[in-house]
Each structure stands twice: as structure tokens, then as C-alpha cells.
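**Q** Just a sequence and a predicted model for now, questions to come.
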Amino acid sequence: MTRITKAVIPAAGLGTRFLPATKAMPKEMLPVVDKPAIQYVVEEAVAAGLDDILMIVGRNKNALANHFDRVTELEETLEAKGDDAKLQRVVEVSHLADVHFVRQGDPRGLGHAVSRARKHVGRESFAVLLGDDLIDARDPLLTRMLDEHAARDATIVALLEVDPDQIHLYGAAEVEPTDDPDVVRVTGLVEKPAKEHAPSNYAVIGRYILKPEVFDVLERTPPGKGGEIQLTDALMEMAGDVEGTGGVYGVVFRGRRYDTGDKLDYIKAVIQLAGDRDDLGPDLIAWLAGYVASRGA
């Protein structure tokens with residue numbers, strides 16, 4: 001099987017939950033410690049061998065392209081100052097991967113955004129990474145998903161066991177066990193079900209390895225929940241091994257994940273990632289301990 005090298009990152013959302021911060025700045029550029037959230041996602045893709053990145057963007061997303069482009073004036077200024085550490089970090093960003101951009105046009109849902117990648121992807125399998133989910137680099141997920149795709153020749157989704165009271169925030173998977181406790185066969189999917197209607201507490205999180213047949217399925221997928229074309233609906237059809245696609249399997253992720261799509265979870269992500277750093281962690285944790293004590297918690 002041909003090695004997968006292409007990753008698609010949908011980044012056309014308006015980021016309304018973070019207004020007014022995202023009025024003029026893409027939500028993907030919100031800093032998580034000292035890097036924008038989108039950079040973590042690209043670095044994750046590259047670490048898994050995916051160095052051909054297509055971002056699906058909307059209006060007012062020029063900052064994304066600028067971030068992954070060279071800024072010669074900045075590089076020259078840092079070089080003149082002898083600030084080699086910062087210069088290296090700036091240069092590394094522009095050499096991470098081949099980053100391409102295409103407009104989504106009308107915001108018609110995640111399924112529609114993925115379908116816009118068809119010409120770039122062609123007849124190859126590819127990865128989809130959602131920018132709101134940051135996966136800790138110490139707990140690789142994509143590599144395992146790529147391995148399962150190669151072994152099973154099937155579409156692979158990432159699953160996370162969540163509190164049943166939270167399942168309404170996710171796509172929920174109906175599953176059957178396999179001979180591997182960390183891999184299940186997905187037999188059905190429901191987008192954001194009520195707790196009492198959820199087939200399980202396995203939530204689909206923002207990592208997918210998709211076979212190219214998904215484009216044909218998306219083309220005939222009608223608008224679903226919210227009047228949008230849902231990727232979940234297309235995957236539900238593919239789970240039945242439609243057109244010999246090999247079905248859909250889920251890799252159960254048990255590592256560290258940070259949700260930057262919610263304000264409180266975003267703040268938690270910044271604190272957790274900063275707390276784990278040698279240069280920031282000790283002082284931050286000491287300060288937090290004092291702050292919590294002063295609040296009487």
C-alpha cells in the first residue's frame with residue numbers, strides 16, 4: 001500500500017465562541033503557550049510522516065498562510081541581534097511541511113470541507129486533523145491509526161471514552177470488539193446524540209484516516225444535523241463496507257488530549273502544556289499552588 005503523505009486540516013470556522021478575540025484573528029492562531037494551536041496540529045502530522053498539508057480555509061484566514069511562510073525581515077532582525085534560538089524557531093515553522101490552502105466557500109459543514117480536498121488528494125488515502133483537538137506529542141495517535149489503516153485497508157477514526165453525560169457533544173460510535181482491545185469495528189455513528197440515545201460512550205475525536213472513496217460518499221450525502229453535510233453521516237455509510245471500502249475501525253485513544261474549542265478547556269490546555277515544560281513548569285505550578293490556596297479551594 002502506498003505510504004500516506006497527505007493531511008487535510010479544516011480551518012474555515014468563524015471561532016464565534018472566542019469572540020471578540022477572533023473577530024480579526026483566526027481561532028487557529030490563538031496561542032497555546034507560545035505557539036498557535038494550528039502549529040501543534042501541523043507538527044503532529046509531520047511527526048507521523050504527513051508532510052503534504054492542505055488547509056481548508058474561509059475568509060480572513062490570511063494569518064494562517066503568513067505563519068507558515070518565511071518572514072525575511074524578521075529573520076534578518078533576529079540574525080543581526082544574534083538571537084539564534086528565536087531565529088531557529090521562526091525558520092523551523094516555515095520548513096515544517098508543504099502547506100497548501102483552498103477556500104471552502106459556503107460554510108456547509110465538516111463533510112463539505114473535507115470534500116473540497118478532492119482535487120488535491122486524488123485517489124489516495126489521507127488523514128484529516130481537526131484543529132480544536134491537540135494530541136500530546138508524548139502519546140502518538142496518528143502513527144497507530146496509519147498502521148491500522150495499512151493492516152486493514154479500512155477507514156480509521158480516533159475514539160475516546162467520555163463521560164456519558166458529555167456524549168451529546170460528540171459523534172458517538174456503535175462498536176464491536178476485535179482481537180485488539182485498543183481497536184474496535186465501527187458499525188454505526190450518531191452525530192451528537194442525547195445521552196439516552198447514544199449507542200456507546202465512545203466519542204469520535206478529531207483524527208481520521210480516510211480512504212478516497214469517502215469523496216463519492218460525501219457527494220451523495222444530504223445535509224444532516226444543523227443543515228450541514230456531516231462527515232459522520234458519510235462514515236456511517238462507509239461503516240457498512242459500501243463499495244468495498246473495507247469498513248470503518250476505531251483506535252481507542254487513552255493518552256493526553258487538549259480541547260481548545262471551548263474557553264475553559266482552552267485555558268486548561270495552556271496551563272497543562274506550560275506546566276509540563278522545564279522552562280515554565282516549576283514556577284507556574286508553584287504560583288498555581290499559592291493561587292489555589294489563596295482562593296480557599
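**A** Happy to help now that I have it. Numbering: from 1, shown residues only.
**Q** mind checking the backbone torsions on residue 161?
**A** phi -80, psi 120 (degrees, to the nearest 10).
**Q** what bridges to it?
**A** Judged by DSSP bridges, the bridge partners of residue 161 are residue 202.
**Q** Identify the residues contacting it.
**A** Contacts for residue 161 were tallied using CB atoms under 8 Å, 6 or more residues apart in numbering; they are 201-203, 252. (Each C-beta comes from the backbone N, C-alpha and C, glycine too.)
**Q** how far away is it from residue 253?
**A** 9 Å (CB to CB, to the nearest Å).
**Q** With residue 49 instead?
**A** Note on residue 49: its distance to residue 253, by CB to CB, is 19 Å.
**Q** So the two - more neighbours on which side?
**A** More neighbours surround residue 253 than the other of residue 49 and residue 253, with 21 against 14 (other CB atoms under 10 Å).
**Q** hang on, the more buried one packs against residue 141?
**A** Yes: look at residue 253 against residue 141 with CB atoms under 8 Å: they come within range, at 5.3 Å.
**Q** any common contacting residues for these two?
**A** Joint contacts of residue 253 and residue 141 (CB under 8 Å, 6+ apart) are 135, 158.
**Q** most surrounded residue in the contacts of residue 161?
**A** residue 202 (24 neighbours).
**Q** Contacts only, for that residue.
**A** By CB under 8 Å, 6+ apart, residue 202 lies in contact with 159-161, 172-173, 175, 184, 250, 252.
**Q** Tell me which residues are up against stretch 278-293.
**A** With CB under 8 Å, 6+ apart as the test, stretch 278-293 has contacts from 33, 271, 274-275.
**Q** hmm, try it at 6 Å
**A** By CB atoms under 6 Å, 6 or more residues apart in numbering, the residues outside stretch 278-293 that reach it are 274-275.
**Q** so how far is that stretch off the chain centroid?
**A** Centre-to-centre, stretch 278-293 and its host chain are 29 Å apart (CA atoms, centre = their mean, to the nearest Å).
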